[in-house]
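**Student:** fold the following and give me the result.
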Amino acid sequence: MRTSQEILKIFLSSHTLGDVMGVEDKIREIEEELRKTPYNKATQYHIGRLKARLSRLRDEAVKRSSKKSQHNGYSVKKTGDATVVLVGPPSVGKSTILNRLTNATSEVASYDFTTLNVIPGVTEIHGAKIQLLDVPGLIEGAALGKGRGREVISVVRSADLILLVTTVFEIEQLDTLEKELYDAGIRLNIQPPDVRIIKRDRGGIRINKTPNVRMDDTLIKAVLGEYKIHNADIIIREDLTIDRLIDAILANRIYLPSIRVINKIDLIGRDELEPLRGMPDTVLISAATGEGLNDLKEMIFRGLGFIRIYMKPPGRKADLEHPLIVKTGATVADVAERIHRDLKRNFRYAQVWGSSAKHDGQRVGLTHRLADGDILRIVS
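**Tutor:** The predicted structure is shown next:
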């Protein structure tokens, strides 16, 4: 096992190998070194610096692959209340899922890379119009541009929700998909780090952290130093890891919800499915037979964080056929502004019927938070 001094020597030497080694070679070398090195008090500073270097190299590799690409990326006009992208390796049934859920016609075949372009479709779930995009299969190395990876990832970055699609025979591919998206700067099912970095011209590094933060100041400064940040105020409110600190420093990560979709459950026995049930953020389906597709729709609606609000115009009945789709936590002010900015400007009061109201027809103000299924009347 190498000593911390040897680790540091390797790390420092990697800075001077740019003309000799390719970026991918350096990435692999640092990844291997990290795998071999146990994390403890003696090595944590060097591991922190190695991870910072690795993150910089990955970003550099992604940028290089984007420049080398002969394609300009896929351009898809967003429509509806949200956009959901189906991501998966080739031939796992993404096209069949799209065709089942929407009015799209995506070519289906049993060979790899059937989908060479982005195929859009639209489905309606509880009144929400949701755009689904079927993209070419994502393979290992996609973050570095392999298999049109950069074009696919450019579409994923603009999504509101990702469906990670695989089959009952290739469940391990889910880890590959998540790693490729992670390497491309896409973080799934987590919130951004609760860290604020205010760069200064002078004064050194000043760290302000809550009592739950265990990372010591020396390690924080070492990681910041790798990004040439030597004067800044750092406010940390979560017990973060080195990777989360790096994400906060870079401030270029995309944070998206995702659902794991395991297809072709009709091809194995029910007893073989049992170990898969109960997996978090996962739905089991058969695109061929339609089994589980209603569950998938429900998970998409919940994953997007949508709620339905039914408007009641003054003197008329509530429109229960065409709900207004807003995000969980929306207030009366959000709805008023969504309908027309003058409605918020001339607001007098609102009435609410539903689970957010203490009683039917409760009078509320602009800050009242609404719940799914509420009926709302705005008086201006």
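
**Student:** now do the strands in the stretch 251-380 of the chain.
**Tutor:** Assigned by DSSP state E, counting those that start in this stretch, the stretch 251-380 of the chain shows strands spanning 254-256, 258-263, 282-284, 306-311, 324-327, 349-353, 362-364, 374-379.

**Student:** so, low pLDDT: which residues of this protein?
**Tutor:** 1-21, 62-75, 104-116, 142-147 (pLDDT under 70).

**Student:** what's the domain layout of it?
**Tutor:** Domain ranges of the chain: 1-68, 82-190+254-303, 306-379, per automatic domain parsing.

**Student:** what's the closest of these to residue 211?
**Tutor:** domain 1-68 (19.9 Å; C-beta to C-beta). Any C-beta I mention is one placed from the backbone N, CA and C, and that applies to glycine too.

**Student:** compare the domains of the chain and give me the one nearest residue 201.
**Tutor:** Closest to residue 201 of these, according to C-beta to C-beta: domain 1-68, at 22.6 Å.

**Student:** where does residue 207 fall, secondary structure wise?
**Tutor:** strand 205-209 (DSSP states H and E).

**Student:** can you list contacts of that strand?
**Tutor:** Strand 205-209 is contacted from outside by 215, 217, 220-221, 224, 229-237, using C-beta atoms under 8 Å, 6 or more residues apart in numbering.

**Student:** now with 7 Å, please.
**Tutor:** Residues outside strand 205-209 that contact it (C-beta atoms under 7 Å, 6 or more residues apart in numbering) are 217, 220-221, 224, 230, 232-236.

**Student:** sheet-wise, list the partners of it with their directions.
**Tutor:** strand 232-236 (parallel) (DSSP bridges).

**Student:** could I get the buried residue list for the partner strand?
**Tutor:** 232, 234, 236 (16 or more other C-beta atoms under 10 Å).

**Student:** contacts only, for the closest residue to the first one other than its chain neighbours.
**Tutor:** To tie it back to what came earlier, the one meant is residue 232. Spatial nearest neighbour of residue 232, chain neighbours left out: residue 199 (4.8 Å); criterion: C-beta to C-beta, 6 or more residues apart in numbering. With contact set as C-beta under 7 Å, 6+ apart, residue 199 has these partners: 229, 231-232.

**Student:** ok, now with 10 Å
**Tutor:** 229-234 (C-beta atoms under 10 Å, 6 or more residues apart in numbering).

**Student:** rewinding a little: using TSV, lay out the contacts of strand 205-209 together with distance to residue 60.
**Tutor:** Shown next, in TSV, are the contacts of strand 205-209 (distance: C-beta to C-beta, whole Å):
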residue	distance to residue 60
217	28
220	23
221	23
224	19
230	21
232	23
233	28
234	24
235	28
236	26
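
**Student:** relative to residue 274, how far out is residue 331?
**Tutor:** When distance is defined by C-beta to C-beta, to the nearest Å, residue 331 is 43 Å away from residue 274.

**Student:** between those two, who's got more neighbours?
**Tutor:** The residue with more neighbours, out of residue 331 and residue 274, is residue 331; 17 against 9, by other C-beta atoms under 10 Å.

**Student:** got a list of what that one touches?
**Tutor:** 337, 350, 364-370.
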